[in-house]
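Undergrad: Turn this into a structure:
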Amino acid sequence: MKLLIDECLSARLCGLLEEIGHDAVHVSDLGLLGKPDTDVMAAAKEDQRVVISADTDFGELLAKSGAALPSVVLLRRPGKTPEEQAAVLKANLPAVESDLESGAVVVFLQDRIRVRSLPIGGSA
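TA: Okay, here's the model as predicted:
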């Protein structure tokens, strides 16, 4: 899976995800550090990547825009280290892969996964 890691998460997460077979880049690799979330979303959509973040603003942007892509995974679990985050993603991404390919906001919570299909509140 092609992933774009947001700046609120460590760039080390990319290497850990690549070790398990994902194509992962960090926003810093694309010169997007400090750029608006809309720029990050545009880059993800252009390169067909799923945004991985802990920032709930991405879901709000998708709801306002009515866009069907890019998909977003929000990490809302207590795992704070890149290793813990990679373990959560490794364990759970396969279960939501088809949702992400179709367009979704997926939230990994402490005890469950919440999936919301895109577009939210509008058409793409």
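Undergrad: pLDDT-wise, which helix or strand of this protein ranks last?
TA: Ranked by mean pLDDT, DSSP states H and E, the weakest helix or strand in the chain is helix 57-65, scoring a mean of 90.
Undergrad: Can you point out the buried residues in that helix?
TA: Neighbour counts over helix 57-65 (16 or more other CB atoms under 10 Å) mark D57, F58, G59, L61, L62, A63, S65 as buried. Backbone N, C-alpha and C define where each C-beta goes, glycine included.
Undergrad: same question, stretch 63-73
TA: A63, S65, A67, A68, L69, P70, S71, V72, V73.
Undergrad: same deal with stretch 97-106?
TA: Buried, per 16+ other CB under 10 Å, within stretch 97-106: D99, L100, G103, A104, V105, V106.
Undergrad: residue ranges of the strands in the protein, please?
TA: Along the chain, the stretches classed as strands by DSSP state E are 2-5, 23-26, 50-53, 72-75, 104-108, 113-117.
Undergrad: Could you export the ones you listed as TSV, including distance to A42?
TA: Putting the strands of the chain into TSV (distance: least, CB to CB, whole Å) gives the following:
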stretch	distance to A42
strand 2-5	11
strand 23-26	14
strand 50-53	11
strand 72-75	13
strand 104-108	17
strand 113-117	21
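Undergrad: Great, nothing more from me.
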